[in-house]
Every structure is written in structure tokens, then in C-alpha cells.
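1. Here you go, sequence then predicted model.
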Amino acid sequence: MDRKLGWDGVEMAGDTTQTVGDCVVHGLKEMYRAQVLCDASIIAEGRCFPCHRFLMNILSLKNCLGIYTLAFAHNKQDLLQAALPYISHNLSQLSEEEAFHHLDLQTLISIIASDSLIVSSELAVYRAAHCWWNCQPEDRRPCFRELMQYIRIPLLTSRELSEVKEDMSDATDDEIAMLHTSKEERSQRSLPPLRQGMYCEKIACVDLQVREDPNLRDQDFYVDCYDPLSGEWERLAALKSLMCPGCLAIGNMLYIAGGTHQDDSISDTLHEYNSVTNKWLQLASMSVPRSMHGFLTCKQKLFAIGGWNGSSLLAIAECFDLKQREWTPISRLPLALQLFSSAVLKSKLYLIGGETLEDGHHQNHQGLLIYDTESDTWAQLPLGIVSISAGAVATDNGIYVIGGYCLGKPRPRSQNPFVTPELCATARCFFIKEDGGIGKDSVIPPLPEKIAAAGVVRWKRRVYVFGGENGFRFYKAIYYWEPGDNSWTKCRAKLPISYGGVSQFGCTTLNVPNPHIRSLI
């Protein structure tokens, strides 16, 4: 039978027709079953579609080991990164499966060497490796020593170490010496990096104490840490009193930049806190003192932006390279700015609202500044909203702006440029899109109270609000909101203070070692 078929149809045996897309999918499935990963690409309408994207679309717990093996063999990093989370979250379960037992040595090493494993104990990693070599003990016994180099033995408790020793009844003297060496490292508090699952994500609050109390010393200003799961607080190592500091965290490292001292002088310091060692370290100081400034992180750099130096508003900005451990200037802001909210979205820094100076007078900035970290350039966009001392948290496609101050009435042009304007706290929350526009579709309910200068953070899917103020009224309540909720939820826990409330403190999420790991420190 003659039949005219275009590019979208292929005649098959049995007088049936399939589209080219059906044929491609069928072929890719056959390649997957044969464990062959094709490096070719399909070109269609000027667009390139790498074939291994098919494998990414069908990733599951059932096939993740097979796809990871293929990706590792062909060095497909995007496919490796897609498959690894399935393995990281389910290592113990997967280690019992036949596909795990058939992994080659180097593929197994790439898994057990990963920092991203979601395991609360290093014993889980050891047991996975033990399952692998125990399924072919005679053939894989020579691999034992090499594998043990990737087991972080100092992270094992004494009881867990005993289990490992029982499995090493036929170990050589050199292999037993590995265990003793690792135990000595632990006794010297020299621990290897923790796995991702060995941390709990908590919320750190810096400087909740009454800074006006003359009896308080630097050692009294602890960092307070809140666990959203248990609703409990704990104290971390003290720093000193720093009101309105820059505060952020990268993993288990907390960074505090600038802030206002108890004597109202402005700090230029940068401090680094390690939650594993529970110790502070002072790093290189900023080029100028800053308070009420922006402090953000992007691509292993810390950005200190604008603020107040004790006598004037700042338009200068700088970044600290965490690898080089030094500050370098970046492009100046289009205008001097303080008390703005800020967030990072897709490698760009967003500064929202705040206060600036015009003709020597304080003015509210009804605009948005966006800094491109790649090009070192600023874009200035209108916002049309007064927003001062608000909170801001980024999502995948935009930024939620929470509370803050808006003007209660038009600002008089005072002869004194530093007179504080009459402000009114607001319960308003709104969403800023990536392009700088206000999103009408992403609805977030207003706060239960009119709150400004609060600690605002994103913890997992939730947005948390800690404390805050409304003029001379201060709060210590904790609220959270999760997308899909119609209102904010008030937590039973409050800020761990005996007085009415607190505002203008540092607040960020921080990875803190779980109790199992703390017993080793």
C-alpha cells in the first residue's frame, strides 16, 4: 500500500504508523535497558535535545542506581546530580539491593565519598560499604583498605567503632592502625567534614539581649538558636552586642558583618562562626563601618552593601571572597541607601525600598535596585511602594517582602536631614517577581500584627517572623506561613527573653550538628 508520510509519521510492520517521537522514545528505552548512554543529540526545529534527558525524566528510586552508573561511566554531571539525591536519601535501603551489589569500585567510591549523603550516622555509610564487599568477600577483600579511606571513622561513636572492629576480625595490622589513627584525630577535635544528614537546619538569632543594660558584657550576648521542629531554644557561643548587623549563613558557617555597638559606635568587623566547633573567628574587616546595611551571599562571596557609617548614608559596596579571604570593592549603588530589605535571586542581588538622601534630606526610596553579580552592574527600577525595615525571603521565582514601615503621612522637609520621619508599621506582605514587578498571582496573607524590623527567614517551605517592633512597641512572638495557607500561624514558643520584645537583630537559618555528632565534639 502506498502511503505518503511526512516527518511526523513512520510506517511500521503490521500497517501501523508511529510518530518520529514515538520511535525516538522507543529507541531510548531500548538503550536504557541495554545500559547504553548515547552522547548523540536530536536536532529539531533548531533546538538541541540531549538524549540523556530522557533518563532524567524517568528517574525514580527503582532505577536511580542504574542511571547513576551510566552517568558516572559517561561523566554526565547533570545526570549524576539528578540521580544522587535519590541515593543520598535512601542509602541504607538501596545498599540491600542487587543493583548496589553490582556497582564497580569507583562508582561506589563516588557515592560514599559524597558530603551530600542524608545519613545521621557514619555507621550507615560503613554498613553500605560492608554490604557491597560482603556479597563477594573473597573477590572484594583487596578493596577493603581503599574503601575504608572514604569512611569518616572519627565520626563514629565508641559503640559504632566496636561494631566496625567486630567486622575486622581478619584485618591486617595496618588496617587496624587506621582505626586507632582516626580515634586520635577525634580526641584532638580534628573531625572530617560532616555529611549533610548530620546537620539539623535551625534558626539563629544574634543579639536578643537588652543592649542598654550596663551590666551585660560581650560574653553575655549569646547566639540563640531555635529548632522549628521541637519549638525549643538553645544557646550557642556568644559574640558581642551588635544591633542591626549583617547576618547570613552558608551551611554550618554563620557570618556577622558590621552592626551598632552598645556605645552606638559602628562596627567594621566580619566574624565567622562554625557550628561544629562552636567557636567564633574574626576575619578581615570591611573597608568602612556599616550598620542597617545589606549583607548577602552568592557564589562563595559575601556582599556588604550600603548602610550607615555613623555619620552618613553609604553608596559604596564590597564583597568578601571566602576562598581568598579578602574584601574587594564592587560597583557603587546608584544612590546611598539604608534600612532596605534584600535577597538573592538567580545570581542577582535585590535591594527593596529603604531610605536615601535627596538634597541632604532623608527620603523614602520607592524603588528597587538589582545588582548583577556577573556583570558588576546595577539596575534601578520603580517600585511605587514605601518599604522600610521590612523582611525579604527569596523563593524559586521571586521574593516575598514581609511587614516593615510605611509612611504614616507625608514627610516634612525638615532642616535637619537626620530627623527620623513619622513612620507606621504595616502588616502588608507582597511578592516581587524576577523582573522587579509586583506579582499579583503569588498571594501571601497580611501579618497578624503590624510588624517592622523583625527577624524574617525562610526555613524549608515556611516563612518565619521573629519579634519586631511598631514604633516603641516591641514583640517577642513567632509566626510562620507556608504557601497554600490562608493565614499566619502563631507558634507556642516565643523569643527566649524576659522583657517585652526585641527588634533589629540578626536572623538566619543555620546548619547545626545533630546530638549524635555533638557527642563526638
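-> Great, that's in hand.
2. Helix, strand, or coil at residue 323?
-> Taking DSSP: H, G, I helix; E, B strand; the rest coil as the rule, one finds residue 323 in the coil state.
3. Now it: closest residue in space, sequence neighbours ignored.
-> Using C-beta to C-beta, 6 or more residues apart in numbering and skipping the chain neighbours, the partner closest in space to residue 323 is residue 300 (6.3 Å). In short, each C-beta sits where N, CA and C put it, glycine included.
4. quick one: contacts for the one you found?
-> Taking C-beta atoms under 8 Å, 6 or more residues apart in numbering, we find residue 300 in contact with 250, 321-323.
5. What's the ChimeraX line that selects buried ones from those?
-> Command for ChimeraX that selects the buried part of those, burial taken from 16 or more other C-beta atoms under 10 Å:
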select :322
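6. Let me know the closest of the contacts of residue 300 to residue 482.
-> residue 250 (24.3 Å; C-beta to C-beta).
7. That closest one contacts residue 298, doesn't it?
-> No: if you go by C-beta atoms under 8 Å, residue 250 and residue 298 don't touch, sitting 10.4 Å apart.
8. Residue 431 falls within a helix, correct?
-> No: secondary structure of residue 431 (three-state DSSP): strand, not part of a helix.
9. start the count at 35, not 1, going forward
-> Shifting the count to begin at 35 puts that one at residue 465.
10. That one contacts residue 428, correct?
-> No: taking contacts as C-beta under 8 Å, residue 465 lies outside contact range of residue 428: 10.8 Å.
11. Looks like residue 175 contacts residue 166 (just checking).
-> No: the criterion here is C-beta under 8 Å, and residue 175 misses it with residue 166 at 11.9 Å.
12. who has more neighbours, the two?
-> The neighbour count for residue 175 versus residue 166, taken as other C-beta atoms under 10 Å, is higher for residue 166 (21 against 12).
13. Quick check: residue 143 is in a strand.
-> No: read with three-state DSSP, residue 143 is helix and lies in no strand.
14. gap between it and residue 129?
-> 14 Å (C-beta to C-beta, to the nearest Å).
15. more neighbours, the two?
-> residue 129 (23 against 17).
16. contacting residues around that one?
-> 161-162, 165-166.
17. Quick check: pLDDT value at it.
-> Listed pLDDT for residue 129 reads 97.
18. Check residue 306 and give its pLDDT.
-> 98.
19. what residues are up against it?
-> 287-289, 314-317.
20. Could you verify my assumption that residue 437 touches residue 489?
-> No: taking contacts as C-beta under 8 Å, residue 437 lies outside contact range of residue 489: 11.0 Å.
21. Which residue ranges of this protein form helices?
-> Along the chain, counting by DSSP state H, helices occupy 54-67, 87-91, 98-107, 111-123, 125-128, 132-135, 139-146, 156-168, 171-174, 178-182, 192-201, 207-221, 549-552.
22. Tabulate those (JSON lines), appending distance to residue 338.
-> Formatted as JSON lines, these follow (distance: least, C-beta to C-beta, whole Å):
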{"stretch": "helix 54-67", "distance to residue 338": "49"}
{"stretch": "helix 87-91", "distance to residue 338": "38"}
{"stretch": "helix 98-107", "distance to residue 338": "39"}
{"stretch": "helix 111-123", "distance to residue 338": "31"}
{"stretch": "helix 125-128", "distance to residue 338": "40"}
{"stretch": "helix 132-135", "distance to residue 338": "47"}
{"stretch": "helix 139-146", "distance to residue 338": "38"}
{"stretch": "helix 156-168", "distance to residue 338": "37"}
{"stretch": "helix 171-174", "distance to residue 338": "52"}
{"stretch": "helix 178-182", "distance to residue 338": "44"}
{"stretch": "helix 192-201", "distance to residue 338": "43"}
{"stretch": "helix 207-221", "distance to residue 338": "36"}
{"stretch": "helix 549-552", "distance to residue 338": "32"}
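23. For residue 542, which of those helices is the nearest?
-> helix 549-552 (20.5 Å).
24. hmm, who's touching that closest one?
-> Residues from elsewhere that reach helix 549-552, judged by C-beta under 8 Å, 6+ apart: 154-155, 189, 191, 228, 232, 310.
25. Just the closest of the residues you listed to residue 370, please.
-> Set against residue 370, the nearest of the contacts of helix 549-552 by C-beta to C-beta is residue 310 (38.7 Å).
26. burial count for that closest one?
-> Neighbours of residue 310 (other C-beta under 10 Å): 21.
27. next one: residue 297
-> Neighbourhood size, residue 297 [other C-beta under 10 Å]: 7.
28. which phi and psi does it have?
-> The phi/psi pair for residue 297 (degrees, to the nearest 10) reads phi -90, psi 10.
29. what about it, distance to residue 274?
-> Counting by C-beta to C-beta - residue 297 and residue 274 are separated by 11 Å.
30. got any residues that touch both of the two?
-> By C-beta under 8 Å, 6+ apart, no residue touches both residue 297 and residue 274.
31. if we can go back for a sec, show me which of the contacts of residue 306 are buried.
-> 287-289, 314, 317.
32. right, and out of the residues you listed, which lies closest to residue 419?
-> For the buried ones among the contacts of residue 306, the nearest to residue 419 is residue 289 (29.5 Å; C-beta to C-beta).
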